[in-house]
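In: give the three-dimensional model of this entry:
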Amino acid sequence: LPKMLTRSTIFASNSARIRVEPRVWRRGYAQQAAPEVRTRFAPSPTGMMHVGSLRTALFNYLWAKKNKGSFLLRIEDTDQDRIVPGAVENIVDSLKWASIPPDEGPGNDPKGVGPFVQSQRTALYQQYAEKLLNEGHAYRCFCTSERLETMRNNAKLRGVQTLYDRFCSRLSKEDIDQKVAEGVPHTIRLKVPEGTTTLEDLVVGRVTFNNNFIDDQVLLKSDKFPTYHLANVVDDYHMKITHVIRGEEWLPSTPKHLILYQAFGWPAPKFIHLPLLLNPDRSKMSKRQGDVSVDWYREQGYLPQGMLNFVALLGWNPGAGDNTEIFFMDQLVAKFTLEHINKGGAVVNRNKLDWINTEHIKLMARDNMDQLMELFKAVIFKNLGSDYQIDMKLLRSVLKAACFVDRFSTLPELYNRVVYFFVRPNLTSFDAEHFRKSMHRPHTPAVVQLLIDELSKAEKWDRSATLEIVTAVSKSKKPRGMRKPDPFHAVRYSLTGRRDGLETQLIMELLGKEETIERLKLALAYLEAHPVEVTDEK
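Out: Now for the predicted structure:
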C-alpha cells in the first residue's frame, strides 16, 4: 500500500482503507455559484419516512433556497422486492405536512429532466451499463447465487472483508458471447481501477479510499434493473444535481460513485455527508424504532414548525455567538450554511423537541391565534366527534390563558389539560376519585351546598368577585369542622375533577355562572351518593 495511507485515520480494519483530512473552508464559500444550485431528496420507498429522511430533505431544501436554486424529489425504487405499499404516498404527504415542497418531482417536470421515478427510467440505465461495458469499465458476471454465497461464507470464516474475486472478469470474449447467446442469467459489475479514490466532502473533509477494498459493485442486476449506485449517478448527472446532501451512512458508497463519474467522464457534484442521528445513550438510532417515523411524531401532535425547528438543529447550528434556538422556515433559509454542519453525531433529545414545540405553540398563540384555534379544533373533534359544537369564544379564551401558564408539549397534551372546559368532568375517573378521597370529609357536601347558595346570589361574575365569595365561605363558621382550604378544593373538584391546572377563579370565569353552579350541583349529588365514614378528628 502507498506509504501515505499507513498514517491515515483507520475505519473498520487494521488495514489502511480510508484516510480522512480535516475540511478547510474558504472565506465566502457559502455564497459561491448560488444561482446554479440544484439539490435532491431521493428516498427509497422501502418504509415510512423517518426523522433522518426528514432532516436530509430539509437540509437539501434549505441549501437550494438559500442559493435561490431548485429542490427535487426523486423516488429511488430500483429495489422492487423491498417496496412497501403506500411508502411513496407517505413520503409525498410528509413533505407536504412539513412544508418542504419540491420544485421538481413526480408530476412536476418544468425542466424536462424527469421522470422522477427510477423504475420508469430503466432503459436509460441499461444504455449506460452497456457504455461502461464497451469502454472496459465494467464486465458481465455469470456467477450463480450459490457460488457467491460460498465466497461470502469463506470470507466470513477467514474474518476478512467480502470482495468479489473477479472470476468472471477473466472470462474470454468467446466464453462471454456464448453465455449471452445461451441466455445465461448475468449481472454487470463495475471494474474498480487500481490506486486510490479521493472525496472532497464539504463536511467530513478530504477522504481517501484505497481501491483495493472497494468491491466490484453490481451495477445492473440479472432482471435488467439497476442497483442504487448506477441509477443514482446517472440520475444526478442528467438532473444536473450540484450538491448531494445525504446521511453519513452513504459515505462508504461514495468512492464507487466517484469512480463511475470518472468512467463516464462527467464532473461529480459536491458531496455533503450529514452526521449520524444518535439515541440519548449515543447508540445509533435505528429506522426500526417506532418513534423515529415522521408519522409517529405527527400522531403525538407535534407541530410541523416545531418538528422542522428541532430537526434543523440535529447536526447544524447558526454559528458561534448565535444562541438562537427557535426558528421559522424563512429564518432557517437565511441562516443556513454548510460550514456550520457538525461532523459529530447528533443526539435526538425528546426533551429538547418538547421544549421547542411548546415555544412554537406559544408563539402561535401570540401571533396567529386563528391558526392555533383551527389546529386545536381538529384535536377536539378527534376526541369528541366531528359533530361537537365548539364555543369559539370560549376556545379562544382557554387557549389564550392556558398556552402561557399550563404545562404541555403538544396540542393533545394541552387538550388533556383543559378538556374540562369542553366536557364536564368524569367524577368516576381515577384522577377525580383520587382527588375526592383526599379532600372528602363528612362536611364536604354541606360546603358544596353553601357554595351553591352563595354563588347563586352573585350579581357580578369575574375572578375577583368569585374569589371574594369563596373566601367568605372559607371564613364562615359553618359547617362544623370546615377548614379554610376546603371550599377551594370543593370548587376545583366540582369543576375539573383534578388537583392541578389553571387558576380556579379563572376556570369559574370562563365557564360562567350557570355552568359553574350546575357542576357544583352534580358534584354534590355524587358526594352525597359516596359518603365517607365519620371518624374522630383530632
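
In: touching, E135 and A263? I think so.
Out: Yes - between E135 and A263 there is a contact under C-beta atoms under 8 Å: 7.2 Å. For every residue, glycine as well, the C-beta is placed using N, CA and C.

In: among those two, which residue is more densely surrounded?
Out: Using other C-beta atoms under 10 Å, the more surrounded residue of E135 and A263 is A263, with 19 against 11.

In: how about the nearest residue to that one, chain neighbours excluded?
Out: Among residues not flanking A263 along the chain, H137 sits closest, at 3.9 Å (C-beta to C-beta, 6 or more residues apart in numbering).

In: show me where the stretch 301-450 of the chain has its helices.
Out: Ranges of helices in the stretch 301-450 of the chain, per DSSP state H, counting those that start in this stretch, are 304-312, 329-335, 350-367, 369-384, 392-405, 411-418, 430-439, 444-456.

In: buried ones in the fifth one?
Out: Neighbour-count burial for helix 392-405 flags L395, R396, V398, L399, A401, A402, C403 (criterion: 16 or more other C-beta atoms under 10 Å).

In: tell me the most buried of the helices of the stretch 301-450 of the chain?
Out: Among the helices of the stretch 301-450 of the chain, helix 304-312 has the highest mean neighbour count (mean count of other C-beta atoms under 10 Å), at a mean of 23.

In: and it, what does it pack onto?
Out: Contact partners of helix 304-312 among helices and strands, from 3 or more C-beta pairs under 8 Å, 6 or more residues apart in numbering; DSSP states H and E: helix 51-66, helix 329-335, helix 350-367.

In: average pLDDT across it?
Out: Across helix 304-312, pLDDT averages out at 98.

In: quick one: contacts of it?
Out: 51, 54-55, 58, 62, 97-100, 294, 297, 325-329, 332, 336, 352-353, 356-361, 364 (C-beta atoms under 8 Å, 6 or more residues apart in numbering).

In: ditto for stretch 121-135
Out: Residues outside stretch 121-135 that contact it (C-beta under 8 Å, 6+ apart): 115, 118, 138-140, 188, 190, 219-220, 224-226, 230-231, 234-235, 238, 260, 263-264.

In: gap between P110 and D367?
Out: Going from P110 to D367 by C-beta to C-beta, to the nearest Å gives 34 Å.

In: just checking, next helix/strand downstream of the strand or helix carrying T254?
Out: Element membership of T254 [criterion: DSSP states H and E] is helix 254-264. With elements assigned by DSSP H and E, the helix or strand that comes after helix 254-264 is strand 270-274.

In: name the helices or strands packed onto the helix or strand just after that next one?
Out: With elements assigned by DSSP H and E, the helix or strand that comes after strand 270-274 is strand 277-278. If contacts are counted by 3+ C-beta pairs under 8 Å, 6+ apart, strand 277-278 sits against helix 51-66, strand 346-347.

In: any idea how far L520 is from L455?
Out: Counting by C-beta to C-beta, the gap from L520 to L455 is 7 Å.

In: please enumerate the strands of the stretch 1-150 of the chain.
Out: For the stretch 1-150 of the chain, the strands defined by DSSP state E, counting those that start in this stretch cover 18-21, 38-41, 70-73, 138-141.

In: what sits against E249?
Out: Applying C-beta under 8 Å, 6+ apart, we find E249 in contact with L276.

In: how near is it to L277?
Out: According to C-beta to C-beta, E249 stands 10 Å off from L277.

In: if we can go back for a sec, can you select the buried ones among the contacts of stretch 121-135 for me in ChimeraX?
Out: Burial among these is assessed by 16+ other C-beta under 10 Å; the matching ChimeraX selection reads:
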select :118,138,139,140,188,190,219,220,225,226,230,231,234,235,260,263,264
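
In: cool, thanks, signing off.
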